[in-house]
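1. Next comes the sequence, and after it the predicted model I'd like to discuss.
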Amino acid sequence: MKQISFSEAEFAGKKRVTRRERFLAEMERVIPWQEVLAVIESHYPKGKRGRPPIGLERMLRVYLVQHWYSLSDEGVEDAITDSQALRGFVGIDLSRESAPDATTLLQFRHLLEEKELTKAVFAAINAQLTAQGLMMREGTIADATILAAPPSVKNEAKSRDPEMHQTKKGNQWHFGMKAHIGVDAESGLVHTVVGTAANVADVAQTAEVLHGEEKTVYLDAGYTGVEKREDLKDREIDWQVATKRSKLKAIPKESQLGTLLRRLESVKASIRSKVEHPFHIVKNLFGHRKVRYKGLPKNTAQLHILFALANLVIAKQRLLALHNQGAS
């Protein structure tokens, strides 16, 4: 039996459970570990030559901690060293071993990117959510958000990231990329993620964020004319697109038509609001408001992990309830 250290004993004896501890304990229960590890295992080094690699599950846990708390490769190493809650989740005893260093995490991240394993992990988590009956797939809400990229040219190449682009939203210019997502209209869970440069129109990626089984699609006014696009005009879909403000304002509020149209738009907006929840989790809870890496492929790979984790946060209460039912 493992003997606990003084720091672990002191931490275990405290009376208050922190929000971080509670969050990590909940994620421990809702993540489908076996399915996610199975996706990566065949590509992970076996250690037949050279230095034995760190265990796959430990590296995955470090990688998840990095995304939950928006940490750099060096930052996650420091955070695990500093926090007993994080060390407990990762499974590290500092009296016997140190936290995986930044270079090891960098190599693990590159492996996931090169083999496109983050997309496979995203699909594996969604498959488990679907199997639990949490993703209905009859309706889709599509939307996009801008993620800023460094606009500075004070680097060795004296240039900005060539795969990013600038775009104007309202009266403000933004430089970076867009995360386009398709969300299940019933549960609010993300089923598709696409990364593009910021200047790519939302409507141009509509076909990419649909899974093909939906009967109804809810979109904001930026997708006006989507039913006329060549790649979508043959699909039998009920397009629920928001009316442009200029058209709505042209109809008097006092008229019967104006009243009915505003009520209809309010109902459509309440349905579309579900798409904002994943964006809120990724940007505010996980702190991912700016791209971290150079190039669209690396950042899109990161988005797949972020939205997979966001799905687990959204479905957390229902998953925990199902676990409790299974335990009883």
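-> Done, it's in. Numbering: from 1, shown residues only.
2. which stretches of this structure form strands?
-> Using DSSP state E, the strands found in the chain span residues 139-148, 165-169, 172-184, 190-197, 216-219, 238-241.
3. buried sites along the longest one?
-> In this case it means strand 172-184. Buried residues in strand 172-184, counted by 16 or more other Cβ atoms under 10 Å: 174-184. Quick note: C-beta positions are derived from backbone N, CA and C, even for glycine.
4. before we move on, what about the first one?
-> Going by neighbour count (16+ other Cβ under 10 Å), the buried part of strand 139-148 is 139-145, 147.
5. again, but for the fifth one
-> For strand 216-219, the buried set under the neighbour-count rule, 16+ other Cβ under 10 Å, comprises 217-219.
6. The last one now?
-> Going by neighbour count (16+ other Cβ under 10 Å), the buried part of strand 238-241 is 239-241.
7. can you redo these as JSON lines with distance to Leu94 and pLDDT?
-> Shown next, in JSON lines, are these (distance: Cβ to Cβ, whole Å; pLDDT from 0 to 100):
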{"residue": "Trp239", "distance to Leu94": "56", "pLDDT": "95"}
{"residue": "Gln240", "distance to Leu94": "54", "pLDDT": "95"}
{"residue": "Val241", "distance to Leu94": "55", "pLDDT": "95"}
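8. Tabulate those (JSON lines), appending distance to Thr206.
-> Shown next, in JSON lines, are the buried residues of strand 238-241 (distance: Cβ to Cβ, whole Å):
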{"residue": "Trp239", "distance to Thr206": "9"}
{"residue": "Gln240", "distance to Thr206": "13"}
{"residue": "Val241", "distance to Thr206": "10"}
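9. which one of those is nearest Glu28?
-> Nearest to Glu28, judged by Cβ to Cβ, of the buried residues of strand 238-241 is Gln240 at 38.6 Å.
10. now the helices for the protein?
-> With DSSP state H, the ranges of helices along the chain come out as 6-12, 19-30, 33-41, 56-68, 73-82, 84-90, 102-114, 117-131, 206-209, 245-249, 256-272, 276-280, 296-314, 316-327.
11. Of those, flag the one that's most buried.
-> Mean neighbour count (mean count of other Cβ atoms under 10 Å) peaks for helix 296-314 among the helices of the chain, with a mean of 22.
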